[in-house]
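Asker: here are the coordinates; sequence isn't available:
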């Protein structure tokens, strides 16, 4: 083991800490060990200079990643493939003739009144697998006990499970982002080159335009999230939509169907940038902060990806291609602060994880195949509202 004498730098650091000198340039290159990928035989003892240093402790990284995707998993079924959604539409009212009876007039009762029932079918499934080979005999020489070997195998399996979680997270985000893109495309169809500045709809709600129009201001998207007055207005508007969706309406879904979303069927997901801005810029200095806080909601760190800097321009952005009749349409929207929707609008169903394996006798290793199947559905006939700034 390499042992460094650091008395000189320690004396210098002590004087620095005690205020006897100004800050000094600390050379940490020979103090802090940043590790190396390959262990070489130059690491020998400090006595006979020929004994190779042995491993004294193994640290296996078995930290399980739980994910941070919204709660969109609904249900599963063992047999069959198709999800069929049935709904009875609202019937029309007719005149009540009980209070306008006429002598000699016939009032037939044997008329058949057909209910208006609609059905929608969902039939798709996405699948992938992660293969991994395991061996014991060839790796035993690197460890001194069964416990150490099992810890290694456990670590590999945890890494596989974490990989599955990351990948399924991405698929769940895709299901949500597809619904966001469809809502924006349907509500603001006249946007040119994905420019939504100064445009808003009833279910793709540009909070910044609504604020500037109402108060005669000209704040920009960059200024909005540091302006308490805008944050207060945004919270007010989002809270109002919660009550609006609870009423029967055709305004809040792409299919323009008669729908309502009760409180127990409502999902709210907010970008954490916006949720935290509301918390620290608005609620922190308000005595009755419950009066200005956002509705209870899940939060996400980003909609699609973080980019390389977790900047708001990346975390609040989606860039995706959706179906547009027989064609496709590219949607690139940024400044998305949150969504509010019926739990039946975005569904992750029939999730199925399993592991299959086979033993290779010649190579003396086992291949394990971690398989994942799931269905991701968007129902454009259910309520879904997007809040953004542009």
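Answerer: Perfect, thanks for sending it. Quantities reported herein were computed from a predicted structural model and do not represent experimental measurements. Numbers count the residues shown, from 1 in each chain.
Asker: After the longest helix along the chain, which helix or strand is next?
Answerer: The residue-count maximum for a helix in the chain (DSSP state H) belongs to helix 146-187. In the C-terminal direction, the helix or strand that comes right after helix 146-187 (DSSP states H and E) is strand 204-206.
Asker: Relative to that next one, what are the paired strands and their orientations?
Answerer: Here strand 204-206 is paired, per DSSP bridges, with strand 384-388 (parallel).
Asker: that older thread, next, the angle strand 384-388 makes with the longest helix of the chain.
Answerer: Calculated by axes from the mean of the first three to the mean of the last three CA atoms, to 10 degrees, helix 146-187 forms an angle of 90 degrees with strand 384-388.
Asker: list the helices and strands helix 146-187 packs on?
Answerer: strand 126-134, strand 204-206, strand 318-324, strand 327-333, strand 336-342, strand 346-360, strand 365-378, strand 384-388 (3 or more CB pairs under 8 Å, 6 or more residues apart in numbering; DSSP states H and E). C-beta coordinates here come from the backbone N, C-alpha and C atoms, glycine included.
Asker: I'd like to check the angle between it and strand 126-134, please.
Answerer: Interaxial angle of helix 146-187 relative to strand 126-134 (the same axes, to 10 degrees): 160 degrees.
Asker: now helix 146-187 against strand 318-324, angle please.
Answerer: 60 degrees.
Asker: from the chain's centre, how far out does helix 146-187 sit?
Answerer: Chain-centre distance of helix 146-187: 10 Å, with CA atoms, centre = their mean, to the nearest Å.
Asker: Ok, stretch 350-364 next?
Answerer: Computed by CA atoms, centre = their mean, the separation of stretch 350-364 from the middle of its chain amounts to 30 Å.
Asker: So for that stretch, mean pLDDT?
Answerer: Averaging pLDDT along stretch 350-364 gives 91.
Asker: Show the low-confidence segments of the stretch 201-350 of the chain, by residue range.
Answerer: Applying pLDDT under 70 to the stretch 201-350 of the chain picks out residues 283-293.
Asker: To what extent is the closest residue to residue 299 other than its chain neighbours buried, counted in neighbours?
Answerer: Once flanking residues are discounted, residue 299 sits nearest to residue 272: 4.3 Å by CB to CB, 6 or more residues apart in numbering. The tally of other residues near residue 272 (other CB atoms under 10 Å) stands at 15.
Asker: how close does residue 197 sit to residue 206?
Answerer: As judged by CB to CB, to the nearest Å, residue 197 and residue 206 stand 9 Å apart.
Asker: neighbour-wise, which of those two wins?
Answerer: Neighbour comparison, residue 197 and residue 206: the larger count goes to residue 206, with 24 against 13 (by other CB under 10 Å).
Asker: about what we covered before: quick one, the longest helix of the chain and strand 327-333 angle?
Answerer: Counting by the same axes, to 10 degrees, helix 146-187 lies at 100 degrees to strand 327-333.
Asker: got the angle for helix 146-187 vs strand 346-360?
Answerer: If you take the same axes, to 10 degrees, helix 146-187 sits at 150 degrees to strand 346-360.
Asker: Do me a favour and average the pLDDT over helix 146-187.
Answerer: Mean per-residue pLDDT for helix 146-187: 91.
Asker: if I look at residue 118, how far off is residue 179?
Answerer: For residue 118, the distance to residue 179 - CB to CB - is 20 Å.
Asker: Of those two, which one has the most company?
Answerer: Set residue 118 next to residue 179 and count neighbours by other CB under 10 Å: residue 179 wins out with 23 against 11.
Asker: I'd like the distance between the more buried one and residue 341.
Answerer: From residue 179 to residue 341 the distance is 7 Å (CB to CB).
Asker: Common neighbours of those two, please.
Answerer: Common contact partners of residue 179 and residue 341 (CB atoms under 8 Å, 6 or more residues apart in numbering): residue 384.
Asker: List the contacts of the residue nearest the centre of the chain.
Answerer: Geometric centre of the chain, nearest residue: residue 69, 3.7 Å, by CA atoms, centre = their mean. Counting by CB under 8 Å, 6+ apart, residue 69 touches 168-169, 172-173, 300.
Asker: contacting residues around the residue nearest to residue 299?
Answerer: Going by CB under 8 Å, 6+ apart, residue 272 touches 299-301, 315.
Asker: Show me those that map onto strands.
Answerer: 299-300 (DSSP state E).
Asker: Check the gap between the residue lying closest to residue 89 once chain neighbours are set aside and residue 252 for me.
Answerer: Nearest residue to residue 89, sequence neighbours excluded (CB to CB, 6+ apart): residue 116, at 4.2 Å. Residue 116 sits 20 Å away from residue 252, going by CB to CB.
Asker: of the two, who's got more company?
Answerer: residue 252 (26 against 11).
Asker: my guess is that one meets residue 201, correct?
Answerer: No: with contact defined as CB atoms under 8 Å, residue 252 does not count as touching residue 201 (10.4 Å).
Asker: Can you convert the contacts of residue 69 into JSON lines and add a column each for distance to residue 123 and neighbour count?
Answerer: Shown next, in JSON lines, are the contacts of residue 69 (distance: CB to CB, whole Å; neighbours: other CB atoms under 10 Å):
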{"residue": "168", "distance to residue 123": "20", "neighbour count": "20"}
{"residue": "169", "distance to residue 123": "24", "neighbour count": "16"}
{"residue": "172", "distance to residue 123": "19", "neighbour count": "20"}
{"residue": "173", "distance to residue 123": "22", "neighbour count": "19"}
{"residue": "300", "distance to residue 123": "28", "neighbour count": "22"}
